[in-house]
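[1] have a look; sequence and predicted model below, questions after that.
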Amino acid sequence: MHIHYLQHVPFEGLGSMESWFRDRNHSVSATHLYRGETPPGLDQFDWLVVMGGPMGVSDEQQYSWLTEEKHFIRKAIEAGKIVLGVCLGAQLIANVLGAPVTRNRHREIGWFPLSVTEGALNNPIGKILSGDSEVFHWHGDTFAIPTGAISLASSAACANQGFVYAGKVVGFQFHLETTETSARDLINYCGDELDGSEYVQSAQQMLEEPSRFMLINQLMGEILAVMEKM
């Protein structure tokens, strides 16, 4: 299987997903949109992953490539590709499916638990998320659940944390792929967002228990194994 991912900034790559894909002998390629690279033809990949970034889905004036990217994501969904969106990636998927993306009531950064929706408990991804572990968050915007999608989870700070659409399209507002290294990169590049508000932890709080990254990376691997069979 060939995985292609879209990267929006230099410091938000695949994280733990990259080694998971390569360990299973999947080939991996990328479009670095911030470098002006162009996405491939739809026949050149099986699975699309859309990563995060600090921009918003409507920032086309500043990031002109967003217009082409949204068109590309729509075509990938229509072509029946497996599609996974993380944070901004999930917002972009929701946007192309006609769901609003807006400023969330709270900025949510750090380790906070999810509450899996009742409707997701029969979904294999919902079952994986139904444990008591905290997950890693870094976002200020939020998406509405697209029409026809299954809502996966919520948190105290954000009502819509994930969805599954048409059986093959998954969006997560939260981050399961984040490693200690990639968390440090986020802190270095986006540390100005650590404003001390109700759902924003300090850098020390986010990094003080490195074992938490291993736990979420394990969850990410379990979910990828489900998606691999979609």
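    Looks like it came in fine. Quick caveat, the model's predicted, so the values are computed rather than measured.
[2] C-alpha only now, for contacts and for neighbours.
    OK.
[3] would you map the helices across this structure?
    16-23, 65-78, 88-96, 124-129, 180-190, 203-207, 211-228 (DSSP state H).
[4] what sits up against stretch 1-11?
    For stretch 1-11, contacts defined as CA atoms under 8 Å, 6 or more residues apart in numbering pick out 13-14, 21, 26-34, 39, 44-53, 182, 185-186, 189.
[5] of the helices of the chain, flag the one that's most buried.
    helix 88-96 (a mean of 26; mean count of other CA atoms under 10 Å).
[6] now do that one: distance to the chain's middle.
    9 Å (CA atoms, centre = their mean, to the nearest Å).
[7] just the CA trace of that helix, in PDB.
    The C-alpha coordinates for helix 88-96 follow below in PDB (Å, rounded to 0.1, in the frame of the first residue of the first chain):
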ATOM      1  CA  LEU A  88      -6.000  21.100  10.600                       C
ATOM      2  CA  GLY A  89      -6.300  18.000   8.400                       C
ATOM      3  CA  ALA A  90      -9.600  17.000  10.000                       C
ATOM      4  CA  GLN A  91     -10.800  20.600   9.700                       C
ATOM      5  CA  LEU A  92     -10.000  20.600   6.000                       C
ATOM      6  CA  ILE A  93     -11.900  17.300   5.500                       C
ATOM      7  CA  ALA A  94     -14.900  18.600   7.400                       C
ATOM      8  CA  ASN A  95     -14.800  21.800   5.300                       C
ATOM      9  CA  VAL A  96     -14.800  20.000   2.000                       C
END
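[8] report the angle between the axes of that helix and helix 65-78?
    70 degrees (axes from the mean of the first three to the mean of the last three CA atoms, to 10 degrees).
[9] for helix 88-96, what does the pLDDT average out to?
    The pLDDT scores in helix 88-96 average 98.
[10] and that helix, what does it pack against?
    Counting contacts by 3 or more CA pairs under 8 Å, 6 or more residues apart in numbering; DSSP states H and E, helix 88-96 is packed against strand 47-50, helix 65-78, strand 82-86, strand 101-113, strand 134-143, strand 169-172.
[11] try it again with 10 Å
    Judged by 3 or more CA pairs under 10 Å, 6 or more residues apart in numbering; DSSP states H and E, helix 88-96 is in contact with strand 47-50, helix 65-78, strand 82-86, strand 101-113, strand 134-143, strand 162-165, strand 169-172.
[12] sheet-wise, list the partners of the first one with their directions.
    When you say that, I think you mean strand 47-50. strand 2-7 (parallel), strand 82-86 (parallel) (DSSP bridges).
[13] could you give the angle of the last one to helix 211-228?
    What that stands for is strand 82-86. 160 degrees.
[14] can you show me the CA trace of strand 82-86 as PDB?
    Coordinates of each C-alpha in strand 82-86 appear next as PDB, following Å, rounded to 0.1, in the frame of the first residue of the first chain:
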ATOM      1  CA  ILE A  82      -8.600   5.900   2.700                       C
ATOM      2  CA  VAL A  83      -8.200   9.400   4.200                       C
ATOM      3  CA  LEU A  84      -7.000  10.400   7.600                       C
ATOM      4  CA  GLY A  85      -7.000  14.000   8.800                       C
ATOM      5  CA  VAL A  86      -5.300  15.300  12.000                       C
END
